[in-house]
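S.K.: what follows is a predicted structure for the sequence shown.
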Amino acid sequence: MLTDITGQVAIVTGASRGVGRAVALRLSELGARVALFGRNQAGLERTAELCAEHTPPAGIWTPELGNREELETAIHEVNERWERIDILVNNAGVFYPDRVDSADPFDIDRMLDVNLRALIHATRCCLPYLKESCMARGRAVLVNIASNAGRFGIPGEAAYCASKHGVMGFSEGLFREERELGLKVCAICPGWIATEMVEESGIDMDRALRPAEVAEMTALVARWPDNSCPTEIRLYPQRDPA
Ligand SMILES: NC(=O)c1ccc[n+]([C@@H]2O[C@H](COP(=O)([O-])OP(=O)(O)OC[C@H]3O[C@@H](n4cnc5c(N)ncnc54)[C@H](OP(=O)(O)O)[C@@H]3O)[C@@H](O)[C@H]2O)c1
């Protein structure tokens, strides 16, 4: 019943570690050719090595997501190399928890830039290619890794919440714009995940979600049947890590 994604081309942002690495690996296990986006070359190469156990070599691109020109150039290069883009996973993100009255304005800007603005521009730039995939094969898939912070307000994380609420609004609006073509748009809202992003948060990492669990959910959306679209998924650790 699930769609075979062998040979499809997927861009994964933030693929140098954490959730992005796990997503890239899972999609590559399923036969997709994966374009790894990030800045940390060593981390990206490690992800590529892991992917190479399954599919032809993954490609590495190193755009700074805060730089729209670099981001767009990288996306066009992926299409030039593989002549299609079927799946975009907007995963990259930054998390600088702080109260608004003490937050560094630079950190607020970075969260809005990377978590929301870059996600919108990556999507806008990929959209013509995703639509070509819809036209050719009846489907294409966009997965946005949001957060439970995209669904309610959390004290000490207000600006991060704002960035992730933006992702939720964008995802639903875009789905409604493009659903007739066959574009799936899904926002995944995980709770705590055991990655470097939150290692100083004082949570019980053993209780947190594993990156592979978020990756499995992403892969499920990527393979979901044509006739329906999971537009929002909440994924919580079974036991509260906080
Ligand atoms: N961890 C959690 O508890 C949690 C919970 C809910 C949602 N999330 C969301 O899940 C997603 C993945 O988080 P994670 O936990 O895997 O985080 P992570 O381990 O900190 O990884 C973040 C990734 O984003 C990339 N990135 C950050 N800023 C970038 C920039 N300016 N340009 C290009 N790439 C950039 C990093 O790449 P480079 O270092 O190579 O630049 C890295 O690969 C994020 O959207 C996060 O908000 C996380």
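M.R.: Great, that's in hand. Residues are numbered from 1 along each chain as shown.
S.K.: from now on I want contacts and neighbour counts done on CA atoms only, so please keep to that.
M.R.: Fine.
S.K.: CA atoms only: put the helix or strand V214 falls within into CSV for me.
M.R.: Taking DSSP states H and E as the definition, V214 sits inside helix 211-223. The C-alpha atoms that make up helix 211-223 are tabulated as CSV, following Å, rounded to 0.1, in the frame of the first residue of the first chain:
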residue,chain,number,x,y,z
PRO,A,211,16.1,10.6,15.9
ALA,A,212,15.4,7.4,14.1
GLU,A,213,11.8,7.5,15.4
VAL,A,214,11.3,11.0,13.8
ALA,A,215,13.0,9.6,10.7
GLU,A,216,10.6,6.7,10.5
MET,A,217,7.6,9.0,10.7
THR,A,218,9.1,11.2,7.9
ALA,A,219,9.7,8.2,5.7
LEU,A,220,6.1,7.1,6.3
VAL,A,221,4.8,10.4,5.1
ALA,A,222,7.2,10.2,2.1
ARG,A,223,5.6,6.8,1.2
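S.K.: which residues touch it?
M.R.: With contact meaning Cα atoms under 8 Å, 6 or more residues apart in numbering, helix 211-223 is reached by 2-5, 18-20, 22-23, 26-27, 87, 141-143, 186, 188, 190, 193-195, 229-230, 235.
S.K.: and that helix, how far from the chain's centre?
M.R.: The chain centre lies 11 Å from the centre of helix 211-223; the measure is Cα atoms, centre = their mean, to the nearest Å.
S.K.: now stretch 98-109
M.R.: Distance of stretch 98-109 from the chain centroid (Cα atoms, centre = their mean) equals 24 Å.
S.K.: that older thread, buried ones in the helix holding V214?
M.R.: For helix 211-223, a neighbour-count test (16 or more other Cα atoms under 10 Å) marks 211-215, 217-219, 221-223 as buried.
S.K.: show me the helices in the protein, by range?
M.R.: Under the criterion DSSP state H, the chain carries helices at the ranges 18-29, 41-52, 68-82, 105-110, 118-137, 158-178, 211-223.
S.K.: so what does the shortest one touch, helix or strand wise?
M.R.: Contacts of helix 105-110 with other secondary structure elements, assessed using 3 or more Cα pairs under 8 Å, 6 or more residues apart in numbering; DSSP states H and E, are absent: no helix or strand is involved.
S.K.: again with the first one
M.R.: Other helices and strands packing on helix 18-29, by 3+ Cα pairs under 8 Å, 6+ apart, are strand 9-13, strand 33-37, helix 41-52, helix 211-223.
S.K.: out of these, which gets nearest to N79?
M.R.: Between N79 and the helices and strands packed on helix 18-29, the tightest spacing by Cα to Cα is seen for strand 9-13, at 8.8 Å.
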